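1. quick one: sequence plus predicted model below, questions after.
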Amino acid sequence: MGATIHDCAAAQGPVTPESDNAHLEVGAVERPEIADELILEQRADDGKRFATLRAQLALKGHVLNRTHRDDGPVVYWAERWGLVRNLPTIADVQRFLTQIGGQP
């Protein structure tokens with residue numbers, strides 16, 4: 001008989017903050033005391049950056065929108081004359097703004 005999923009999971013044991021391999025897990029932070037500060041800082045910067053890019057694109061006749069982070073990964077799109085341009089990341093929004101002659 002082969003091993004079941006439950007057998008494999010039990011053999012590895014749980015990864016806890018005290019286990020030897022906790023630091024190797026995806027998303028693990030070397031200095032957890034600063035993790036919350038970095039996340040909050042990043043969200044604040046993204047909000048300000050988004051507002052700035054939205055205003056700059058508006059000056060070029062485009063409407064910039066984004067999804068909400070509670071719905072999954074944030075993606076962006078610009079609209080003009082009924083056409084939509086998908087911009088997966090905020091860096092793509094910046095490149096698009098530069099491409100249409102906006103101020104970086």
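-> Ah, there it is.
2. which residues in this structure form helices?
-> Along the chain, the stretches classed as helices by DSSP state H are 5-12, 32-59, 90-99.
3. among those, which gets the worst mean confidence?
-> Lowest mean pLDDT within the helices of the chain: helix 5-12, at a mean of 50.
4. who does residue 65 bridge with?
-> Going by DSSP bridges, residue 65 is paired in beta bridges with residue 77.
5. which residues touch it?
-> Residues near residue 65 by Cβ atoms under 8 Å, 6 or more residues apart in numbering: 76, 77, 78, 79. (Glycine included, C-beta is placed from N, CA and C.)
6. which residues touch the second one?
-> Taking Cβ under 8 Å, 6+ apart as the definition of contact, the neighbours of residue 77 are 64, 65, 66, 84, 85, 86, 87.
7. and stretch 88-102, which residues are buried?
-> The neighbour-count check on stretch 88-102 (16 or more other Cβ atoms under 10 Å) flags 90, 93, 94, 96, 97, 102 as buried.
8. adding distance to residue 52, write those residues out as JSON lines.
-> As requested, the buried residues of stretch 88-102 are exported to JSON lines (distance: Cβ to Cβ, whole Å):
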{"residue": "90", "distance to residue 52": "10"}
{"residue": "93", "distance to residue 52": "10"}
{"residue": "94", "distance to residue 52": "10"}
{"residue": "96", "distance to residue 52": "14"}
{"residue": "97", "distance to residue 52": "10"}
{"residue": "102", "distance to residue 52": "11"}
